[in-house]
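Participant: Next comes the sequence, and after it the predicted model I'd like to discuss.
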Amino acid sequence: MIENATQQRPHRGRCLCGAVRFAVSGTLREVVSCHCGQCRRSHGHYSAYTAAAQERIAFENDDGLAWFRSSARARRGFCNRCGSSLFWELDDDPVLRIAAGALESPTILTTARHVFVDDKGDYYSLDDDVPAEPRSMLER
């Protein structure tokens, strides 16, 4: 897992309406931007996720948290009140991927790579110097 030195304070995040609020202790993975069709449909554009071990995530409010089985091996977490896309996880994986946009600023995170760029939408281009992979090495 790509790490970033962000251990100074808990990272707090939430959905748009506040029905899902959480805090993450310790280090967050740098951001991975995914351009696959599922992420684009789920977010309305490509996704940007950081990640942390599930044991380091504490929910301050999960009244609105719902899960959608998006594939045979993964599910996506969202707020069932405001529709915010917040998480995704692989079955039997101790790591929860967290939508970077749900975190309060400053996050002190950087984008480490783009994945599934072969699937990206035709309406935008990647004009940054971030490494890009046609598919994904291990995870999104």
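Facilitator: Thanks, I have it.
Participant: Give me the distance from the helix or strand bottoming out on mean pLDDT in the chain to the chain's centre.
Facilitator: Ranked by mean pLDDT, DSSP states H and E, the weakest helix or strand in the chain is helix 37-43, scoring a mean of 92. Between the centre of helix 37-43 and the centre of its chain there are 12 Å (CA atoms, centre = their mean, to the nearest Å).
Participant: hmm, who's touching whichever helix or strand comes after it?
Facilitator: Sequence-wise, the next helix or strand downstream of helix 37-43 (DSSP states H and E) is strand 47-53. Outside strand 47-53, the residues that touch it by CB atoms under 8 Å, 6 or more residues apart in numbering are 1, 24, 26-34, 39-40, 85, 88, 94-101, 103, 107, 109, 111, 139-140. In short, each C-beta sits where N, CA and C put it, glycine included.
Participant: where in this structure is pLDDT low?
Facilitator: 1-8, 137-140 (pLDDT under 70).
Participant: Out of the contacts of strand 47-53, which end up buried?
Facilitator: Buried members of the contacts of strand 47-53, counted by 16 or more other CB atoms under 10 Å: 24, 27-34, 39-40, 85, 88, 96-100, 103, 107, 109, 139-140.
Participant: Just the ones in helices from those residues, please.
Facilitator: Judged by DSSP state H, the buried ones among the contacts of strand 47-53 include 39-40 as members of helices.
Participant: Now go through the buried ones among the contacts of strand 47-53 and say which are in strands.
Facilitator: Within the buried ones among the contacts of strand 47-53, residues falling in strands by DSSP state E are 24, 31-34, 85, 88, 96-99.
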